[in-house]
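Asks: I would like the atomic coordinates for the input below:
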Amino acid sequence: MRIGFDAKRAFANKTGLGNYSRFVLNALMTFEKQHEYDAYTPKDNQNLFPDFPKSSIHFPETFLDKKLSAFWRYSNITNQLSKDKVDIFHGLSNEVPQGLSLKGIKSVVTIHDLIFERLPELFKPVDRRIYRHKFQSACKRSDRIVAVSEQTKRDLVELYHVDPERIHVIYQDCNPVFKRMTDHEESTKILGLYGIELPFILSVGTLEERKNQHRLVEAFANARTSDFKLILVGKPTSYSQKIRETIRHYGLEKQVLILQNVPTDHLPALYQSAEIFAYISIYEGFGIPILEALHSGTPVLSAKGSCLEEAGGPGGLYADPYKTEDISHQLGKLITDVNLRKSLVSAGKRHIEQFTGKNIAGQLIDLYQNMIR
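Replies: Numbers count the residues shown, from 1 in each chain. Modelled structure (predicted):
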């Protein structure tokens, strides 16, 4: 089979959709080498995916398509795919181009989440309309849909009335850097760079309303622990001020540390050194930071109500993200019970075996082959 991919995010995005795109392409190249994989992208100028073979990267060919790359991805790319004799096209980031069926090209789209539908107040109205058009159009025109979690599948069925038989839940894994253990000397050096003292609770994620860090700070305050520190790592937004106000309200300036611009290469040391990883986001499509924690051998405190229980499985405890007292109660159990933390780590290690690149690549190839048949 020759499979083409909308790989813009693989070559342009450092996180999120970019990580997913790189994971899928790398898994297929590594474990299913008998097929051809072509990546279509407007640009490759950030050196984010140096391992992908240059000969298999395709760019817009005409002057107009180069200038209007968004339109190329939406429509004109189809002629290029036909000329390249692509059997299946997989849109890795919620959209596929028009006209594929007319060219005899089968299509798959990965839908990551419908957060903009579940939490519309967090998005601008114009953005919601654009996302809704793209997602609904892609679901309608694609032969098959990959959902990254059962939660996303349920959302597609409930909100967009997609036939569940067309939706295939295929998970993903995190960056391989989180699977390599950092030696003690290196970890100590990295922790020292940020002034982090042991023991500590770690939370990684953009500092935004949906990630719910201010309630985590409240729960940490209510847990009444003087030994632990709380480390929040993430890109700042206007919501950061609310977090800082909460820290000041509870007098936690010496116990809560906010870090930004932490390079990916430093994160494994933070994850592996933490006693607990806390991720109580109100809503997610999957929850990659939870996998990062489980690979690091760190027990998880996460939120009920979306897909996070799928991601963490028996490797964590779960609380209502809107109820500070519930979060604090679960956090308290993890802080005080070392044996509980150890048992969660063991269970988490078993749980994440299903997310391996080999397993995911095999599921995707089965899906592609069934479509061709």
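
Asks: What mean pLDDT does stretch 232-246 get?
Replies: Per-residue pLDDT over stretch 232-246 has a mean of 96.

Asks: I figured Arg128 hits Glu121, correct?
Replies: No - at 10.1 Å, Arg128 and Glu121 do not qualify as touching, with contact defined as C-beta atoms under 8 Å. (Each C-beta comes from the backbone N, C-alpha and C, glycine too.)

Asks: Of the two, give the one with the bigger neighbour count.
Replies: The neighbour comparison of Arg128 against Glu121 (other C-beta atoms under 10 Å) goes to Arg128, with 14 against 5.

Asks: residues in contact with the more buried one?
Replies: Listed by C-beta atoms under 8 Å, 6 or more residues apart in numbering, the contact set of Arg128 reads 116-117, 120.

Asks: are any of these buried, and which?
Replies: 116-117 (16 or more other C-beta atoms under 10 Å).

Asks: Turn the contacts of Arg128 into a markdown table, columns for secondary structure and distance to Ala347.
Replies: Converted to a markdown table, the contacts of Arg128 look like this (DSSP: H, G, I helix; E, B strand; the rest coil; distance: C-beta to C-beta, whole Å):
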| residue | secondary structure | distance to Ala347 |
| --- | --- | --- |
| Phe116 | helix | 33 |
| Glu117 | helix | 33 |
| Pro120 | helix | 36 |
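
Asks: tally of neighbours for Asp6?
Replies: Burial of Asp6, expressed as a neighbour count using other C-beta under 10 Å, amounts to 23.

Asks: Kindly report the same for Leu64.
Replies: For Leu64, the number of neighbouring residues by other C-beta under 10 Å comes to 11.

Asks: what's the answer for Lys54, then?
Replies: As a burial measure, Lys54 scores 7 neighbours (other C-beta under 10 Å).

Asks: Now do the phi/psi pair for it.
Replies: Main-chain torsions, Lys54, degrees, to the nearest 10: phi -60, psi -30.

Asks: and it, how far is that from Pro176?
Replies: 21 Å (C-beta to C-beta, to the nearest Å).

Asks: now the helix or strand hosting Arg129: mean pLDDT?
Replies: When secondary structure is defined using DSSP states H and E, the element that contains Arg129 is helix 125-141. The average pLDDT for helix 125-141 rounds to 96.

Asks: just stretch 18-32 next, same as before
Replies: Stretch 18-32 comes out with an average pLDDT of 95.

Asks: which parts of it are buried?
Replies: 18-29, 31-32.

Asks: Please, where are all the strands along this protein?
Replies: When secondary structure is read from DSSP state E, the chain shows strands at 2-6, 36-40, 57-58, 88-91, 106-111, 144-147, 167-169, 200-204, 229-233, 256-259, 276-279, 300-303, 316-319.

Asks: Now render those as a markdown table, adding distance to Thr356.
Replies: Formatted as a markdown table, the entries for the strands of the chain read as follows, by distance: least, C-beta to C-beta, whole Å:
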| stretch | distance to Thr356 |
| --- | --- |
| strand 2-6 | 20 |
| strand 36-40 | 19 |
| strand 57-58 | 26 |
| strand 88-91 | 20 |
| strand 106-111 | 18 |
| strand 144-147 | 17 |
| strand 167-169 | 16 |
| strand 200-204 | 22 |
| strand 229-233 | 26 |
| strand 256-259 | 30 |
| strand 276-279 | 20 |
| strand 300-303 | 19 |
| strand 316-319 | 19 |
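
Asks: Endpoints of stretch 91-108, how far apart?
Replies: The stretch stretch 91-108 measures 6 Å between its terminal residues, going by C-alpha to C-alpha, to the nearest Å.

Asks: tell me the average confidence for that stretch?
Replies: Stretch 91-108 shows a mean pLDDT of 96 in the predicted model.
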